[in-house]
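Model the following, please.
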Amino acid sequence: MLKGQTYDAVYRDFRWKIPKTYNIGVDVCDKWASGSKRLALIYVGPDEKEQRFSFQDLKALSNRLSNALRANGVEKSDRVGILLPQCPETLISPPTKTRSTPSGTDTTCNSRHADPSSSSPGTRGTLSV
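Residues are numbered from 1 along each chain as shown. Okay, here's the model as predicted:
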């Protein structure tokens, strides 16, 4: 609970506790993936087909993507940008780690592997997982 006698005191004394590194995948998925089939996502596609994903499914698919990126030369310190429509793959491929900066979260894409053409459909840079 926030401490302070007044709103102004709470506001003045408040500080964000920003970690040096943060793994969103662990925080929102992995800690719920206990090997059970606990439901995490129901997706209904444009074709009205329903897909269900457990937290365990999402963890396994996310790990599979990470392994494929590593196998294709992406290293731990590289930054990867992935642009996807609203679909299950969007949830499976969030950045697994963000780096905090004094101004907030670093969202720049500055990788030695960066290729602007890889975000265009039908161009090189396609990764099959």
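
all contacts plus neighbour counts: C-alpha atoms, from now on.
Fine.

my read: D30 touches L61, true?
No - look at D30 against L61 with C-alpha atoms under 8 Å: they stay out of range, at 11.5 Å.

mind checking the longest helix of the chain?
Using DSSP state H to define each element, the chain has its longest helix at helix 55-71.

Return the distance of it from the chain's centre.
11 Å (C-alpha atoms, centre = their mean, to the nearest Å).

which residues touch that helix?
25, 29-30, 32-40, 91-93, 127-129 (C-alpha atoms under 8 Å, 6 or more residues apart in numbering).

Repeat that for stretch 35-43.
W32, E50, Q51, R52, F53, S54, F55, Q56, D57, C87, P88.

sec struct for the nearest residue to the last one once chain neighbours are set aside, please.
This points to P88. Nearest-residue entry for P88: Y43, 6.9 Å, with adjacent residues in sequence omitted and distances by C-alpha to C-alpha, 6 or more residues apart in numbering. When classified by DSSP: H, G, I helix; E, B strand; the rest coil, Y43 comes out as strand.

how close does Y43 sit to K49?
For Y43, the distance to K49 equals 8 Å [C-alpha to C-alpha, to the nearest Å].

For the two, indicate the residue with more neighbours.
Y43 (14 against 8; other C-alpha atoms under 10 Å).

Next one, pLDDT for the more buried one please.
Turning to Y43, the model gives it a pLDDT of 91.

what do you get for the one 10 residues further on?
Among the per-residue scores, F53 holds a pLDDT of 93.

phi, psi of it?
Main-chain torsions, F53, degrees, to the nearest 10: phi -130, psi 130.

picking up where we left off before, keeping just the C-alphas, turn the longest helix of the chain into CSV.
C-alpha atoms of helix 55-71 as CSV (Å, rounded to 0.1, in the frame of the first residue of the first chain):
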residue,chain,number,x,y,z
PHE,A,55,-0.7,-21.4,-20.7
GLN,A,56,1.5,-24.5,-21.3
ASP,A,57,0.8,-24.4,-25.0
LEU,A,58,1.8,-20.7,-25.2
LYS,A,59,5.0,-21.4,-23.2
ALA,A,60,5.9,-24.2,-25.6
LEU,A,61,5.2,-22.2,-28.7
SER,A,62,7.1,-19.2,-27.4
ASN,A,63,10.1,-21.4,-26.6
ARG,A,64,9.9,-22.9,-30.0
LEU,A,65,10.0,-19.4,-31.6
SER,A,66,13.0,-18.5,-29.3
ASN,A,67,14.8,-21.6,-30.4
ALA,A,68,14.1,-20.9,-34.1
LEU,A,69,15.4,-17.4,-33.7
ARG,A,70,18.6,-18.6,-32.0
ALA,A,71,19.1,-21.3,-34.7
